[in-house]
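S.K.: Next comes the sequence, and after it the predicted model I'd like to discuss.
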Number of protein chains: 4
Amino acid sequence: MRIDQQQITEVNTRNNDIHNRQMDILKQLHSGSRIEGIIGKLIEFQVALPSWALGAGGTRFGRFSYGGEPGSLEQKIEDIGLIHQLTRTAGAVSLHIPWDIPDDIPAVKELADSLDITFDAMNSNTFQDHEGAAQSYRNGSLSSVHEAAREQAVEHNREVIRIGENLGSKGLTVWLADGASFPGQYNFQTALKHTGESLKTIYAALPDDWKMLIEYKPYEPHFYSTVIQDWGTSLMLANACGEKAFTLVDLGHHLPNTNIEQIVATLMAQGKLGGFHFNDSKYGDDDLTVGSVKPYNLFLIFNELVYGMENNAENPPLSWMIDASHNIKDPLEDLIQSLEAILVAYAQALLVDREALSEAQQYSDVAQCQEILQEAYRTDVRPLLRESRLRSGGAMYPLQVYRDLEIRKKLIRERGLKVRATGL
Amino acid sequence: MRIDQQQITEVNTRNNDIHNRQMDILKQLHSGSRIEGIIGKLIEFQVALPSWALGAGGTRFGRFSYGGEPGSLEQKIEDIGLIHQLTRTAGAVSLHIPWDIPDDIPAVKELADSLDITFDAMNSNTFQDHEGAAQSYRNGSLSSVHEAAREQAVEHNREVIRIGENLGSKGLTVWLADGASFPGQYNFQTALKHTGESLKTIYAALPDDWKMLIEYKPYEPHFYSTVIQDWGTSLMLANACGEKAFTLVDLGHHLPNTNIEQIVATLMAQGKLGGFHFNDSKYGDDDLTVGSVKPYNLFLIFNELVYGMENNAENPPLSWMIDASHNIKDPLEDLIQSLEAILVAYAQALLVDREALSEAQQYSDVAQCQEILQEAYRTDVRPLLRESRLRSGGAMYPLQVYRDLEIRKKLIRERGLKVRATGL
Amino acid sequence: MRIDQQQITEVNTRNNDIHNRQMDILKQLHSGSRIEGIIGKLIEFQVALPSWALGAGGTRFGRFSYGGEPGSLEQKIEDIGLIHQLTRTAGAVSLHIPWDIPDDIPAVKELADSLDITFDAMNSNTFQDHEGAAQSYRNGSLSSVHEAAREQAVEHNREVIRIGENLGSKGLTVWLADGASFPGQYNFQTALKHTGESLKTIYAALPDDWKMLIEYKPYEPHFYSTVIQDWGTSLMLANACGEKAFTLVDLGHHLPNTNIEQIVATLMAQGKLGGFHFNDSKYGDDDLTVGSVKPYNLFLIFNELVYGMENNAENPPLSWMIDASHNIKDPLEDLIQSLEAILVAYAQALLVDREALSEAQQYSDVAQCQEILQEAYRTDVRPLLRESRLRSGGAMYPLQVYRDLEIRKKLIRERGLKVRATGL
Amino acid sequence: MRIDQQQITEVNTRNNDIHNRQMDILKQLHSGSRIEGIIGKLIEFQVALPSWALGAGGTRFGRFSYGGEPGSLEQKIEDIGLIHQLTRTAGAVSLHIPWDIPDDIPAVKELADSLDITFDAMNSNTFQDHEGAAQSYRNGSLSSVHEAAREQAVEHNREVIRIGENLGSKGLTVWLADGASFPGQYNFQTALKHTGESLKTIYAALPDDWKMLIEYKPYEPHFYSTVIQDWGTSLMLANACGEKAFTLVDLGHHLPNTNIEQIVATLMAQGKLGGFHFNDSKYGDDDLTVGSVKPYNLFLIFNELVYGMENNAENPPLSWMIDASHNIKDPLEDLIQSLEAILVAYAQALLVDREALSEAQQYSDVAQCQEILQEAYRTDVRPLLRESRLRSGGAMYPLQVYRDLEIRKKLIRERGLKVRATGL
C-alpha cells in the first residue's frame, strides 16, 4: 500500500496562513539564516525503524494484537514506506535476525529502494533459543561458561553480518541479554572475559566499512546482573575490540535518575558513541513512545548530541533508531508520534544559542545558562518541522493525514484482523 | 507421584549429633521455653503455593521451558504435595481462574485433602482477554470507561468466588492490572471511581466468611500509571468496601527504596492487612526467590508481622503466598528455597528480644536497638527449622532429599520434557 | 528598596510588535475568549514565598553565602515585595517560626500591606533544637516516646498559630521531620499513634477559619524511616483530625518515579489536598528551581490541579508556595525563574482542550489523548504570561528588568556582602 | 584516655564455655584448617577511621552535638586508639585537610605510633572555601572554568601530599564534589577535560610509592550532574593518569539498585580498584552504619573482594576506610558496630566454598550457587570474630566493654559537653 502523493500535497496547501506567520516570527526572533540552517538539518535527519516495531508489542502478562499487522518482511518494509512518505524522516529499516531473514534478497532490496529506504544496523538475537539450534541460551550466549554456546552465538552474529552485507547494511548492533537473576549464578570476571573474547571474534568478521555497536542495559530479562550493565563496561569492551566498535545508548537502559546526557557527552568526547535507540520510560525499560514522558530530558540529550556533532569530529555519524514497544497504540501512529517528538527535541537543541551559552558558562552565570536552554525549549518549534516536511514532500500534519486516509482500516482490509507480526 | 515417607525419615536420622549440639546452644542462649515456642510457631506456619508457580516463568523476551512441568490442575496439586511432604510448610494452594478451572471439583478436593492441602485465596484474571469473551480488557477492566467491560470483569470475579466456594476457599485476591501507559490516557478520578464501584459490586457477592484482598502495584504491565498504585489507594478502597476487605502486600510491588515494613506496621495497626505475597527483587517486580536478594529486609518485615500478630488483635490471620517467577531454576527447587528463606526470616523475627527492644526504644538507645535486631538476625536459626520439620514429619534438608531422590528426573519420565504448564 | 514603577512601564512598552502578533496567533488558534479566560486566571494566581528562601541555601557539605541577603524579617518581606512588583504573582509570604518571630507585629503587617503581600500558611519547626528549650528533638518531637518532648512540640505549634493569628494568616503547615535512621530505632505503630494524638491536640487549637496542612516525606533528615512517609499516612492523619486538616504535597518528597499527578488527583477527589510546595529534583529532595529538571511533569501535575479546581468543589482553594533551596543562584533571580516556570505550566494546563480529551478517553483513543496534551504543552505560552503581567502592572520580562536595574548590586550596597539570612 | 588492658582480658575470660562449643561446631562443619585460615585473615584485616568521624555528623537541617567530642587532632587519634584497643581492627587514621593540619608533626606521629595506628590515605577538600583563599570553589575546583580556581585546587592537593609524606601516609584520596545543579550550568566535555588535566598535574606530584584514589559519586552536593559521576568516568581518568591512579568505591555513591559487587569485580579484573569506603544507605548517600540496612549486599561485595584478592594479583592491596555520618549514635559506638559488621561480612565471604561454587557455576546449577552463598551467609560467624579478637588482645564483646567501662562518660568529664569536632 502506498499513499497517493497528491493527497499529501492537497492537505499541505490548506490553511497555510498561520503557518507562514509563525515562520515569520521565528525568523524575526532567531534570524532567517539560522532558521534556514535548522530546517536543512531537520530535512536531512533520518531515523531507522526496526522491523519488529510494526506489530503490537506486549509484556510478560500478555499481548493485545492489532489488526492489519504486517505478516512478512515485505509488509514491514511497506509499513515503513508509509511512514516515510508521510514524514520523510523514516528512511531506514533495522532488521532483526532470525525474525527477518529475507527469502529473496534482491527483491527486498528493490522494494526498499523504491520506497527510499536504506538498511541500517542489523540486530542479532541470542536471548531466545532458535528453532533447531543445538545449544540453548538459557544460561547465556556470548558470555556463557559453555564454549559450544559461545561459539554458536558468535557464529549467529557472523551470519547476521553476512545477511546484512547482502542488503547493504553497514552496522551490527549487539544487544547482549546475558545476565544472572541470582547472586553467585555466574562469576562476574569470567563472564566478562568470555564476552570480551566473543566480541573480538565477531569483530574479526566485521567488514572494513562496518561499525559494531555494543548496547548496555542494567537489568531485564535478568534481574540481578547483566554482563554489560553500563556504558563503562560497553566502552571498555568497545575499546578492546578496536576502532570500528562503539557504544550504543538506548534511552531506557539506565538505572533510575541516571544523567544520560552526560554519558552522551562523555562518549562523544571519546569518539565512541556509535548509535542511539529512542524510547521513553518512567520506571525501567518501559519502551514507551519517545518524548511521551520526559521530553525535557530528550531535549537535554539532543543538546549534547548537537554539540558533539558540531565539535567531536572523531566521533562517527550516529545510527539513529526508534526502539519502543507499541502495546496499546496503533504501531504506525505511535511511530509517527515518535518521529515528531524526536524532531521537536532536535529542533529545540539546534535553536540553543550556543555562543551565549558558552559565554554564560564562562562567567558561571547559572541563571542565565538556564534561561538560554529554556528559551530554546519553550519555543514552539513545530512550524519548523512542518516547513521541513513541506519542502521534502511529506505531510505537514502526518498523523492527521494518516487518520484522514484511514490507512489502518485499509491495512486491515488488505491483511486481515489476526495476522501477527514477528517480534516480542 | 509421592515420596515414600520412609525415605525422608531415614535421611533425617543420619548425622544428628551436630544438630543436637546446635539446638543445645540455642536453648542455652535463649532459654528452652522460648526455643520451644518458636519451634511450635514454625510448625504451624503454612504458606500457599500458587498453581501457576509449578511451571517455568518467563519475561517479555521469552521463556525457557522446564521438563516435567505439570500439565493439569491435578498435577499442579501433586507438585505442591511433594513440596509439602518435604517441608510441611506448603499446606495450601492458591488457584488462578481461568487457568485452573477444575473439571471435577469433588475429585480435586479429594486429591488436595489426601495431600493435606487446603484451598487458599482464589485469584481472578482481568489482565488478559479470555477466550470467547465479548469484551477486551485492553483498555481496562474494573476501571474501564466502558460499562460492558466493567460488568464482564465484575461477573468474572463473581464466578471466581463461586468456584472458590465449591472448593472451600475463603478468600478472593484482586490484582487489578488496570493502568495507563501514557499521560492523559485515562482520567485518574474517573478510573478510581469506577474501580471503587466495581469492587463494591464484587464485595456484595462475597460470602460472609470470606475476605477480599486488594493488591496494589505501582507499574507493570502499564508503565505510566496503575489504578491502584499504592497501599494508600488500596486501603481507601478496602475501607469503602467494608470490614471483609483488606489490603494485600506483594513484596515486589513498590517503588525503589520503599520502606515496606513500615507499611506493614501501619496496615496492621489499622487491622487492614489481609495477605502477603512473597518474592524478592532488585529492580522492579522481578519476582525472584524470596530472600535471595534482600534477606535483611525480609527479616525486618517479619519483625513487624510478628509484632502485629502479637499486638493487633483486630487484624485477621494473614493469607501467606509465594508469588515468584521461576525462570531459570527448577520451580520445585525454587519453591523449597523460598519456604526455607521465609522460615529463616520468621524464626529470626521470633527470636528478637521484644522486651529489651521496647526498653531500648524507650531510652532512644539507638545503638542498642540495632544490636538487638542484629543479635537475632545474625543467629543461625536453621537448626530450629530442621527441628520443626523433624517433628512434623518433613525432611531436615528438603532440597537435598529432593535432589537425592531425583524427583525432577522422575517427573520428566512421567510427564515428558515438553509439557507446558499454564501461567505466564 | 522598591522599584520605580515607571521603569517597569517603560521597558514594557518597547518592542511590542512581536508580542502582539504572537497574541493574535494564539487567539486565532484557541479562540479569543479562551485566551482571555486564561489570562484572567494567570493574573489571579498568587504563590507564597517562604521567608527563608531569600537567602542562600546550602547542603550538609557547606554553604556559599550571597551578598546582600536580608538580615531581618522586614528585609525578607521587602525582597518579596521586589519580586511581586516585577511579577505580580508573589503576593504572599510564608513565615517560619522561630526564624521569623516578628518584633513589632503592626509594623510588619503594615509593611506587607504596603507591598500588597498577605500572610500565607505559617511553618513550625521541630527538626532543630530551639535555644533554651528544655527538651531536645534529637529523638523526635510530635512522635517522640518522651511525653515532655511531645508536649513541647505541640505547644510550639500552638505558639505558631498564635503568631499567625496576629498577622492574619489562615493556615499552619506541619512538616514533621521525625523519623528513624536505623531499623528498630522506634516502634512504627507507637510513633504513628503518638503523632496522631499530637496532631489532634494541635488541631484542637486551630481557629475555625484555618487549615492545617500535613506534609509527608519518605526520607531526610532521617534515612531509614519517616513517621509520615507518604500521602497515605498523611491523609489517614488528616482524616482523623477533622475537616480542617489536609494533605500538603511537596514535589520533592517522593520516592523515585512516583506518579505525583495521580496522588494529586486522588487527594482532590477526596477533597483533601490543602497545599502545594513547588521545587524540582532529579534524585531526592533536591530543592532545585521548579521546572528546571522535569517541566513536563510539572505540566501533568497542573493538568490535574486545573481539573480538580474545576471539578472538585469540595476541595478548598490551595496554598501555593515555592520551597526551593537557592544554593548557587541569586535567590531573587531563582524565585523569578520559579514563578515563570509555574505560570508556564499553569497556562499550558489551562490550554488543554478538556472536552476533546474527555472524548478521546471515552474511546480509549490513546494516541489522541497524547496529542491533546502535547498540543497544549508544545505551545509557547510565554506571550500569555507577558500579557497578564502587562495588564497587572508587572514586567513583561521580569528577570531582564531585575538585571537591567542592577537590583542585587543595590541590595549589596544597602546591606553589605556578608549578612546571612536565617534559614538552612 | 586509654583502657587498662587488664580490664579487657578479664571480661574475655568469663563465660567462654559456649564460645568454645561454637568454635568446635564451626571447625567440625568447615574443617579446622579453614577456620584457622579465616581467623588469621580476620586478625590481619585493618580498617582506617577518618578523623572527621569521631564527632557527631549532621544534615542540612541541622546537627545534634554529642558530649565529649574530640577537640583536636590528638584527641581524634586517641579516640581511634580506644576503638583499636577494643577491636584490634582500627589500626589506621585517614586525615582530612584542612580540618586536620597537624601543628607538631613528630608529636602526632609519636602519639599514633604509641597507639599502633598508621596514617592511611589523605583526603583533600575542595568542596568548601578555605579561610583566606583567593578563589572560591562555589563554581567548581579541579573542573572549574576558571583557571585560577583550578590552580588553587591543584596546589591544595599538592599541599595535602606534602603533609601526608611527613606523616608517612602513602595515598591521596580525591573526592571531587564538583558538579552542576542545573542543566546547562557547565559544558560536560569541558568540565571533564579540565578535571583530567588537573588530576594529571596532581598525579605528577605523587611520590613513587603513593596511590592516588579517585572517588566517584552521582550526585550531592550538586543535584543535576557530578563531574565524576560513576566508576566508568573514574576509571577513564585513572587510566589517563597512570599506574598509580585507581578508582575508589564508596558504597553510598551509587544510583538506586546499582549492582556494586559487579563494579568491584570489573575493577579488580582491571587491576584498578584502589580503595573502599564503608557505609550503608537506603536512599542516597545516607552514610549510615555499614551493614545496618543491607548486610547481604555487603556480603556479596566482600564475596567479590575476597575473590579478587585471591585471583587478581595485579590489583594492589586496598585502602579500607569507614566513611559514615554519626548523626544520632555515639560515634565511637557506631564505629565499633561498623567494624563488627565489616568483619561479619568478610568472615562470611571467606567461608564461601569457592571450589563448590565454581563447579556449580560450570554446570549453571543456579539453585546450588544460591545454596552455597546462603550457606556461608546464614552461618553465625561471630564466634570467629570473637576468637580473632581474643587472640589479638582485643575485647570479645567490644561494645559491651565500651559501655561497661563508661567510656563516653569519662570523655565528657575530660573534654566537656560542648566541644565540637571539626567535620561536617
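M.R.: That came through, no problem. Here the structure is a predicted model, which means the values were calculated and not measured.
S.K.: Now the worst-scoring helix or strand of chain A on mean pLDDT: buried residues?
M.R.: Within chain A, no helix or strand scores below helix A:5-13, which has a mean of 92 by mean pLDDT, DSSP states H and E. Neighbour counts over helix A:5-13 (16 or more other CB atoms under 10 Å in any protein chain shown) mark A:I8, A:V11, A:N12 as buried. Where you see a C-beta, it was placed from the backbone N, CA and C, and this is true even at glycine.
S.K.: right, and the last one touches A:G393 too?
M.R.: Same thing as A:N12. No. Counting by CB atoms under 8 Å, A:N12 does not reach A:G393; the two are 9.2 Å apart.
S.K.: what's the neighbour count on A:G423?
M.R.: A count of nearby residues for A:G423, using other CB atoms under 10 Å in any protein chain shown, gives 22.
S.K.: Now do the same for A:A376: helix, strand or coil?
M.R.: helix (DSSP: H, G, I helix; E, B strand; the rest coil).
S.K.: so what's it up against?
M.R.: Contacts of A:A376 were listed using CB atoms under 8 Å, 6 or more residues apart in numbering or on different chains, and they are A:F299, A:Q348, A:A349, A:L351, A:V352, A:D353.
S.K.: again with A:L115
M.R.: A:I77, A:E78, A:I80, A:G81, A:H84, A:Q85.
S.K.: Mind doing that once more with 10 Å?
M.R.: Counting by CB atoms under 10 Å, 6 or more residues apart in numbering or on different chains, A:L115 touches A:R2, A:I77, A:E78, A:I80, A:G81, A:L82, A:I83, A:H84, A:Q85, A:A90, A:G91, A:V93.
S.K.: Keep these, but drop any that are not near chain C.
M.R.: Residues of the contacts of A:L115 in contact with chain C (CB under 10 Å from any CB of the partner chain): none.
S.K.: what two of these are the furthest from one another?
M.R.: Greatest spatial distance among these (CB to CB): A:R2 and A:V93, at 16.0 Å.
S.K.: Between those two, tell me which one has more neighbours.
M.R.: Shown here are A:R2 and A:V93; by other CB under 10 Å, A:V93 has more neighbours (29 against 10).
S.K.: quick one: the more buried one and A:G81 touch, right?
M.R.: Yes. Here A:V93 lies in contact with A:G81, judged by CB atoms under 10 Å, at a distance of 9.4 Å.
S.K.: anything in contact with each of the two?
M.R.: A:A112, A:L115, A:I117.
S.K.: Could you report the pLDDT at the residue nearest in space to the middle of chain A?
M.R.: Nearest to the mean C-alpha position of chain A, by CA atoms, centre = their mean, lies A:M321 at 1.7 Å. We have a pLDDT of 98 for A:M321.
S.K.: Over to A:G423?
M.R.: 70.
S.K.: can you confirm it is in a strand?
M.R.: No. Looking at A:G423 with three-state DSSP, it is coil, so not inside a strand.
S.K.: Now it. Nearest residue, chain neighbours left out?
M.R.: A:W52 (3.3 Å; CB to CB, 6 or more residues apart in numbering or on different chains).
S.K.: does that neighbour sit in a helix, a strand or a coil?
M.R.: A:W52 - assigned by three-state DSSP - is helix.
S.K.: Show me where chain A has its strands.
M.R.: A:48-50, A:92-94, A:118-119, A:122-123, A:171-174, A:179-180, A:211-215, A:225-226, A:245-250, A:273-278, A:319-322 (DSSP state E).
S.K.: Rounded mean pLDDT for the first one, please.
M.R.: Translated: strand A:48-50. Per-residue scores along strand A:48-50 average to 97.
S.K.: follow-up on the earlier one: export the strands of chain A to TSV and tack on distance to B:I342?
M.R.: As requested, these are exported to TSV (distance: least, CB to CB, whole Å):
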stretch	distance to B:I342
strand A:48-50	43
strand A:92-94	46
strand A:118-119	53
strand A:122-123	41
strand A:171-174	40
strand A:179-180	23
strand A:211-215	37
strand A:225-226	24
strand A:245-250	37
strand A:273-278	40
strand A:319-322	44
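S.K.: quick one: which of those is nearest chain D?
M.R.: Chain D sits nearest to strand A:225-226 of all the strands of chain A, at 5.3 Å, using CB to the nearest CB.
S.K.: For that closest one, name the packing helices and strands.
M.R.: strand A:179-180, helix A:188-204, helix D:260-269 (3 or more CB pairs under 10 Å, 6 or more residues apart in numbering or on different chains; DSSP states H and E).
S.K.: can we see that at 6 Å?
M.R.: Packed against strand A:225-226 by the contact rule (3 or more CB pairs under 6 Å, 6 or more residues apart in numbering or on different chains; DSSP states H and E) you find strand A:179-180.
S.K.: Pull up the pairing partners for the strand it packs on, direction included.
M.R.: As defined by DSSP bridges, the strand partners of strand A:179-180 come to strand A:225-226 (antiparallel).
S.K.: Name the residues that touch the partner strand?
M.R.: Applying CB atoms under 6 Å, 6 or more residues apart in numbering or on different chains, the contact partners of strand A:225-226 are A:G179, A:A180, A:K217, A:P218, A:Y219, D:N259, D:Q262.
S.K.: do the same with stretch A:415-424
M.R.: A:W52, A:L54, A:G55, A:G57, A:S65, A:G67, A:G68, A:E69, A:P70, A:G71, A:W99, B:R60.
S.K.: can you rerun that using 7 Å?
M.R.: A:52, A:54-55, A:57-58, A:65, A:67-71, A:75, A:99, A:325, B:60-61 (CB atoms under 7 Å, 6 or more residues apart in numbering or on different chains).
S.K.: Show the buried residues in those residues.
M.R.: Counted by 16+ other CB under 10 Å, these give A:52, A:54-55, A:57-58, A:65, A:67-71, A:75, A:99, A:325, B:60 as buried.
S.K.: Contact partners for the residue nearest to the centre of chain A?
M.R.: A:V47, A:A48, A:P50, A:S94, A:D120, A:G275, A:H277, A:F278.
S.K.: please redo it, this time with the cut-off set to 6 Å
M.R.: By CB under 6 Å, 6+ apart, the neighbours of A:M321 are A:A48, A:S94, A:H277.
S.K.: Understood, closing this out.
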